[in-house]
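A.B. asks: here is a sequence with its predicted model. Questions after.
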Amino acid sequence: MQADIDFSHYLKSAGTGLVHLDLAVEGINCAGCMAKIERNLSAIPDVTSARVNLTDSRLALEWKAGALEPALFVSRLAELGYKAYPFERDDAEALEAQRAQGLLRRLGVAAFAAMNVMMLSVPVWSGNVSDMLPEQRDFFHWLSALIVLPAAAYSAQPFFSSALSALRARGVNMDVPISIGIVLALATSVIETINHAEHAYFDAAIMLIAFLLAGRYLDQNMRRRTRAFAGNLAALKAETATKFISPTEIKTVPAAAIRPGDIVLLRPGERCAVDGNVIEGRSEVDQSLITGETLPAMATPGSAVFAGTLIRSGTLRVRATAASGGTLLDEISRLLDRALQARSRYLRLAERASRLYAPVVHATALLTMLGWLAYGASFHDSIVTAIAVLIITCPCALGLAIPAVQTVASGTLFSSGVLLNAGDAIERIAEIDRVIFDKTGTLTLPELDVANLADIPDDVVKLAGRLALSSRHPVAAAVARKAGVAAPLSNIQEEPGQGVHGFHEGRPIRLGRASFCGADDLANEILCRDPEASVVAFSHGESRYAFAVRQRLRPDAAEVVAGLARMGIAVEIVSGDREPAVRLAAEVLGVHEWRAEVSPVDKIERIEELACRGCKVLMVGDGLNDAPALAAAHASMSPVTATHMSQAVADAVFLGERLAPVLSAVKVSRKALRLMRQNLWLAVVYNVLAVPIAIAGLVTPLIAAAAMSGSSVIVMLNALRARTREAA
Amino acid sequence: MEVLVILVPLALALGFAGLLGFLWSLKSGQYDDLDGAAWRAIVDDEPTGGQGGTK
């Protein structure tokens, strides 16, 4: 399959006759893998560089242009036991990576400046109690200014620009008090130095910047990492499309290389990778991933098909369109926009804290100044004391309180198979009190399963599986997968819409519709017991068997539902599928509230109705029809098999066959939110202790520096407690 | 106190050198793969052909 993919879309020139290729590699998880891959690939002649990135599970290759076929690397990696897919860094990921690097550079500058200034500050602090000459002190202050002023001007830019844009929008965010604190601290220090005064706060200001940048960097790095994994997931899906390069010639290309207007060939059993309109052909299509409806629909010239649609019976030619055109998709995009606007109104914990924080602190500083003036202190002394209050309250610990917990918690979540999409996802997932599950692909596994395998002899299953390999029909594919066979039978013909047939050991052999194999009675028996199953019949000579193929619930779905109930979270199923199927799933899982045949609009309405009653809903769904509901819900999760749009909107994506990540996401998030609140309270306690000292005018630069780093370290240590594993 | 004339420029120069070193390491992508870098130090069996070297 891999070998015939056209790699040219992914190849980049690395200058001077070299070609560069990035691969996302599945299964790199230790240093041993890294060494093995690098050793093996750099041993290939003409390969100039093979370097694994263990953090992102990626491999960068460079070789002499024209000397090697890119497919060679993929097959060599397959021999080593790794699946590799070419990938392209998307713009969003490149932007996040650039931001993370920018923050790290500023953090480096601030940290080096802080270290050097500390070296100058310690003699001044100790000199104040011993016998330092005033000239020496002034000289050290001037040196500090020389280091700190340019360093601060460069490294504090993110805070200044964010504060400015908040002020322009007539709002206040955390960066406003931070920026005011930094600017005032630096200005006072310069003025005090000019006046040969005893105290200057250069060290406190640059240290504050360094601590805050550390918090920002942690936050940004978490986002960058999530983006990188999302990029890998997209590549690992390895979506390809068969494109007409001339009216008669076709070529397999990556889905990313299809442009609007291209004509794409879709064959039975293929999943459509693009949105488009049918221009030729007729076929039954399965849109369960998009609408949640498991009964097939008919696609004819003029009808729209969407990425994710499964082609069942006929061959289609489809003209790819841009995201618009389809009525369903238009409708969903419109709902999505509205829902996303509602979500952007959510106020993060840090913002809520800063809205309280800024007025209180600035009022305290003002009152301090007025108080000292009224008490009879000089104007200069009053202002210096007020600024000391601002410096000591500057939200150093506050800036670290939340990103530190988020970083640690997202690491824990990652190890239990949950990738976070949004920075505030943890806060919102922690608050939920009700979970709404979609059924198809979420509670059930995305792939079909054979239910009555135990009733059929093993050798028959194997033989049927080998025959099924010749068919691209999804139901036949399920039989082949369950049989676990790899050798197809020879000389097999496919009868469109009926099944496959041929000869084996001198007797006719057939797999397909019940009528095609003469097994109607067997099929009816199965359908009486289980009306939701699809039947695929098999005949070899005179013997006949029928396989019941159906969706299977995720293995731990019932446990997770019970676990959520134990935590006091209500569970509900809202599905676009037919009523009997939903009822059956709800009964098996012990879910009392369920709705079937729900349209995307009704899904949103249900969520809004619950929101009006004060419920905070976690929506878990995978289909395109779930995307608006995912966006409208208080928080949302998608399985990794979900459509692109759903994954992009969901707050978190979970991996694997099991549903347990949903449960652990709620547990870890709740714990993390508790720690964030604790951290904010720690910051408040620190302020309550430190502010009276500042108001009393007793703060020296030494006290400011010690208090600031002390509170930051305590908050960081508390955040590390999020690391302890929850028993899943 | 004349020693300050030597010590202060020396301290500033060392600090500046450290900063330049950090910026260089950042630019050459040494912070791109923190997990991998940690392990690379103890992977014993380096490819004999040398990394990045052609054969």
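C.D. replies: Thanks, I have the structure now. Numbering: from 1, shown residues only, chains lettered A, B, ... in the order given.
A.B. asks: what residues are up against the residue of the stretch 451-600 of chain A at minimum distance from chain B?
C.D. replies: In the stretch 451-600 of chain A, the residue found nearest to chain B is A:Asp556; the distance is 29.2 Å by CB to the nearest CB. Where C-beta positions appear, they are placed from N, C-alpha and C, glycine not excepted. Residues touching A:Asp556, when contacts are defined by CB atoms under 8 Å, 6 or more residues apart in numbering or on different chains, comprise A:Arg658, A:Leu659, A:Ala660.
A.B. asks: so can I have a markdown table of these showing pLDDT and distance to chain B?
C.D. replies: Listed next are the contacts of A:Asp556 as a markdown table, based on pLDDT from 0 to 100; distance: CB to the nearest CB, whole Å:
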| residue | pLDDT | distance to chain B |
| --- | --- | --- |
| A:Arg658 | 88 | 25 |
| A:Leu659 | 91 | 28 |
| A:Ala660 | 91 | 25 |
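A.B. asks: what ranges do the strands span in the stretch 101-250 of chain A?
C.D. replies: A:240-244, A:250-254 (DSSP state E, counting those that start in this stretch).
A.B. asks: identify the residues contacting the nearest residue to the residue of the stretch 451-600 of chain A closest to chain B once chain neighbours are set aside.
C.D. replies: Residue nearest to A:Asp556 in three dimensions, not counting chain neighbours: A:Arg658, with 5.0 Å by CB to CB, 6 or more residues apart in numbering or on different chains. The contact partners of A:Arg658, by CB under 8 Å, 6+ apart, come to A:Gly417, A:Arg554, A:Pro555, A:Asp556.
A.B. asks: tell me where the stretch 101-250 of chain A has helices.
C.D. replies: If DSSP state H, counting those that start in this stretch is used as the criterion, the helices of the stretch 101-250 of chain A fall at A:134-155, A:157-168, A:175-194, A:202-236.
A.B. asks: for the last one, give the mean pLDDT please.
C.D. replies: Just to be clear, that refers to helix A:202-236. Regarding helix A:202-236, the rounded mean pLDDT is 81.
A.B. asks: so who does B:Leu34 touch?
C.D. replies: Taking CB under 8 Å, 6+ apart, we find B:Leu34 in contact with A:Thr55.
A.B. asks: ok, it to A:Val408 distance?
C.D. replies: Taken as CB to CB, to the nearest Å, the spacing of B:Leu34 relative to A:Val408 amounts to 15 Å.
A.B. asks: equivalent analysis for A:Val190, please.
C.D. replies: For A:Val190, the distance to A:Val408 under the criterion CB to CB works out to 38 Å.
A.B. asks: higher neighbour count, the two?
C.D. replies: The neighbour comparison of A:Val190 against A:Val408 (other CB atoms under 10 Å in any protein chain shown) goes to A:Val408, with 22 against 17.
A.B. asks: touching, the more buried one and A:Met716? I think so.
C.D. replies: No. A:Val408 is not in contact with A:Met716 according to CB atoms under 8 Å; the separation is 9.4 Å.
A.B. asks: could you confirm whether the biggest helix by length in chain B reaches chain A?
C.D. replies: Residue-count comparison of every helix in chain B, with assignments taken from DSSP state H, identifies helix B:3-27 as the longest. Yes. For helix B:3-27, a contact with chain A is found by CB under 8 Å from any CB of the partner chain, at B:Leu4, B:Val8, B:Ala11, B:Leu12, B:Gly15, B:Gly18, B:Leu19, B:Phe22, B:Leu23, B:Leu26.
A.B. asks: number of nearby residues for the closest residue to A:Pro158 other than its chain neighbours?
C.D. replies: Distance criterion CB to CB, 6+ apart; nearest residue to A:Pro158, sequence neighbours excluded, is A:Arg216 at 6.5 Å. Other residues lying near A:Arg216 total 22 when counted by other CB under 10 Å.
A.B. asks: so what's A:Arg216 up against?
C.D. replies: Taking CB under 8 Å, 6+ apart as the definition, contacts of A:Arg216 comprise A:Leu103, A:Pro158, A:Gly399, A:Pro403.
A.B. asks: by mean pLDDT, point me to the weakest helix or strand of the chain.
C.D. replies: I went with chain A, as the question did not name one. None of the helices or strands of chain A scores lower by mean pLDDT, DSSP states H and E than helix A:327-344, at a mean of 61.
A.B. asks: sorry, should have said chain B
C.D. replies: Using mean pLDDT, DSSP H and E, the weakest-scoring helix or strand in chain B turns out to be helix B:34-40, at a mean of 82.
A.B. asks: just the CA trace of it, in PDB.
C.D. replies: Below are the C-alpha coordinates for helix B:34-40, written out as PDB (Å, rounded to 0.1, in the frame of the first residue of the first chain):
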ATOM      1  CA  LEU B  34      14.800  17.300  25.200                       C
ATOM      2  CA  ASP B  35      13.800  13.600  25.800                       C
ATOM      3  CA  GLY B  36      16.100  12.300  23.100                       C
ATOM      4  CA  ALA B  37      19.000  14.500  24.100                       C
ATOM      5  CA  ALA B  38      18.800  13.100  27.600                       C
ATOM      6  CA  TRP B  39      19.200   9.500  26.300                       C
ATOM      7  CA  ARG B  40      21.800  10.200  23.600                       C
END
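A.B. asks: which parts of that helix are buried?
C.D. replies: Buried residues in helix B:34-40, counting neighbours by 16 or more other CB atoms under 10 Å in any protein chain shown, are found at B:Asp35, B:Gly36, B:Trp39, B:Arg40.
A.B. asks: which non-adjacent residue is nearest A:Trp372?
C.D. replies: Nearest in space to A:Trp372, with sequence neighbours left out and distances taken as CB to CB, 6+ apart, is A:Ser382 at 3.9 Å.
A.B. asks: what about chain A, any weak spots by pLDDT?
C.D. replies: A:1-6, A:128-130, A:234, A:236-239, A:288-295, A:322-347, A:395-397, A:724-728 (pLDDT under 70).
A.B. asks: related to what we said a few turns ago, quick check: of the contacts of A:Arg216, which has the highest neighbour count?
C.D. replies: If you rank the contacts of A:Arg216 by neighbour count (other CB under 10 Å), A:Gly399 sits at the top with 27 neighbours.
A.B. asks: now that one, what are its backbone angles?
C.D. replies: A:Gly399 adopts backbone torsions of phi -70, psi -30, taken as degrees, to the nearest 10.
A.B. asks: ok, now A:Arg658?
C.D. replies: The main-chain torsion angles of A:Arg658 are listed as degrees, to the nearest 10 and equal phi -90, psi 160.
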